[in-house]
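Novice: Dropping a prediction and its sequence here:
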Amino acid sequence: MSGIEDIASRIVAEVKPYTMAPPESVATTVRLALETFEENRNGDFVECGTWMGGSSFAMLLAQRYKFGRILKPVWMLDSFQGLPPADDRDGPLALQYQRAVDAPHYFDNCTAPLPQVREAIRQFGFTDSEAIVVPGWFNDSIPVHRDELSRRGIALLRIDCDWYEPVHYVLTELTPFVVDEGAIILDDYYAWDGCARATHDFLSQNDFSWRIRSMEKFYGAWMIKRSHRVAAL
C-alpha cells in the first residue's frame, strides 16, 4: 500500500467510534485533505455537520501522521442539537427517518452532545486552535465567522448536513471562500434527495460547471471548484 493508504487505514479504525461515515468516505476525506498539501493550496479545512467529529478528526490525524504536526486547522460547525426538520424537498425517506425515532440508525436525530465532542478532542490531543468548534445553526454561526473564513480561505470543505436547506445554505455561503481547485465533499449526495437537489440547484443557479464525482460504492460525492474544464478532469 502507498503511504496515504496506510495512513487512511489507520485513521479509519481510530475515528470509527466518532463517525457514521463508512470507511470509503473517511479514506476519501483523508486523501483529499492530504492532496491540499501536495498541491500547495492555501486555506483551512471546514466541516459543516460534524456529529461526534470523526471526519474532522480524520483530517487532523492525516496531518499528524504525514507531517508530525497540524498545519491546517479544522473548523467544526454543527448545531450539536441534531438535524432540523426535513421538508418535502428532502424526499419521503428523509421524512420517514425523522418519524422513526426508535429506529436503530436514528441516533437521536443525529444529536452530538457537545461535552462529549470536546472530550474526544482532548483525548486525541488536539488544541482549541486545531479543532475549532463552532456550535449553532449554520444561519447563526456562519455569518459570525464569515469575514475570518473569507480572509483565511477554505482548502477543503466537507458538507455533511443532510437536508436541502442547510446544504444549499452552506454551498451558497462558503464556496466563495473555497480556493480554486479546492474540493467540496458532499457526504449525503446519494443518501438523501435533498442534498442532491440542493447541489444541482446551487450549480444551476450560479451557472457553475463543477463536475460531481462519485466516491467508491456511492458513499458520497465530491466536486472541484473549477471555473471551466482544463486539460484534466
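Specialist: Noted; the coordinates are in hand.

Novice: residue contacts, the residue nearest to the spatial centre of the chain?
Specialist: Centroid check for the chain by CA atoms, centre = their mean gives residue 158 as the closest residue, at 2.3 Å. If you count contacts by CB atoms under 8 Å, 6 or more residues apart in numbering, residue 158 has them with 29, 45-48, 55-56, 59, 184-185, 187. From N, CA and C alone the C-beta is placed, and that goes for glycine too.

Novice: Return the subset of the residues you listed lying in helices.
Specialist: 29, 55-56, 59 (DSSP state H).

Novice: nearest to residue 112, of the residues you listed?
Specialist: residue 56 (11.2 Å; CB to CB).

Novice: Kindly export stretch 60-75 (C-alpha atoms) in CSV.
Specialist: Taking C-alpha atoms only, stretch 60-75 is exported to CSV below (Å, rounded to 0.1, in the frame of the first residue of the first chain):
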residue,chain,number,x,y,z
LEU,A,60,-6.3,16.4,11.6
LEU,A,61,-4.9,12.9,12.1
ALA,A,62,-3.9,12.8,8.5
GLN,A,63,-1.6,15.8,9.1
ARG,A,64,-0.2,14.4,12.3
TYR,A,65,0.7,11.1,10.7
LYS,A,66,2.0,12.6,7.5
PHE,A,67,3.9,15.7,8.8
GLY,A,68,4.2,15.1,12.6
ARG,A,69,2.1,18.2,13.3
ILE,A,70,-1.1,20.0,12.4
LEU,A,71,-0.6,22.6,9.6
LYS,A,72,-4.2,23.4,8.8
PRO,A,73,-7.0,23.6,11.5
VAL,A,74,-10.4,22.1,11.0
TRP,A,75,-13.4,24.3,11.7
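
Novice: centre of the chain versus that stretch, how much separation?
Specialist: 16 Å (CA atoms, centre = their mean, to the nearest Å).

Novice: just the helices in this structure please.
Specialist: 3-15, 23-38, 54-67, 92-99, 107-110, 114-124, 138-152, 164-174, 193-205.

Novice: For those helices, please prepare CSV with the additional fields mean neighbour count.
Specialist: As requested, the helices of the chain are exported to CSV (neighbours: other CB atoms under 10 Å):
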stretch, mean neighbour count
helix 3-15, 18
helix 23-38, 21
helix 54-67, 24
helix 92-99, 15
helix 107-110, 15
helix 114-124, 15
helix 138-152, 14
helix 164-174, 22
helix 193-205, 19
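
Novice: Same list, those helices, but as a markdown table with distance to residue 226 please.
Specialist: Formatted as a markdown table, those follow (distance: least, CB to CB, whole Å):
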| stretch | distance to residue 226 |
| --- | --- |
| helix 3-15 | 22 |
| helix 23-38 | 14 |
| helix 54-67 | 21 |
| helix 92-99 | 30 |
| helix 107-110 | 31 |
| helix 114-124 | 33 |
| helix 138-152 | 20 |
| helix 164-174 | 15 |
| helix 193-205 | 12 |
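
Novice: closest to residue 223 out of these?
Specialist: Closest to residue 223 of the helices of the chain, according to CB to CB: helix 193-205, at 8.1 Å.

Novice: quick revisit: quickly check the contacts of residue 158 for the two that are furthest apart.
Specialist: 56 and 184, at 15.6 Å, using CB to CB across the contacts of residue 158.

Novice: For the protein, which element, helix or strand, carries the lowest mean pLDDT?
Specialist: Ranked by mean pLDDT, DSSP states H and E, the helix or strand of the chain with the weakest confidence is helix 107-110, at a mean of 92.

Novice: can you tell me which of the helices of the chain comes nearest to residue 218?
Specialist: Across these, closest to residue 218 is helix 23-38 (CB to CB), at 9.3 Å.

Novice: residues making contact with the top strand by length along the chain?
Specialist: If you go by DSSP state E, the chain has its longest strand at strand 178-186. Strand 178-186 is contacted by residues 28-29, 32, 35-36, 39, 41-43, 153-160, 167, 171, 175, 195, 199, 210, 212, 220-227 when judged by CB under 8 Å, 6+ apart.
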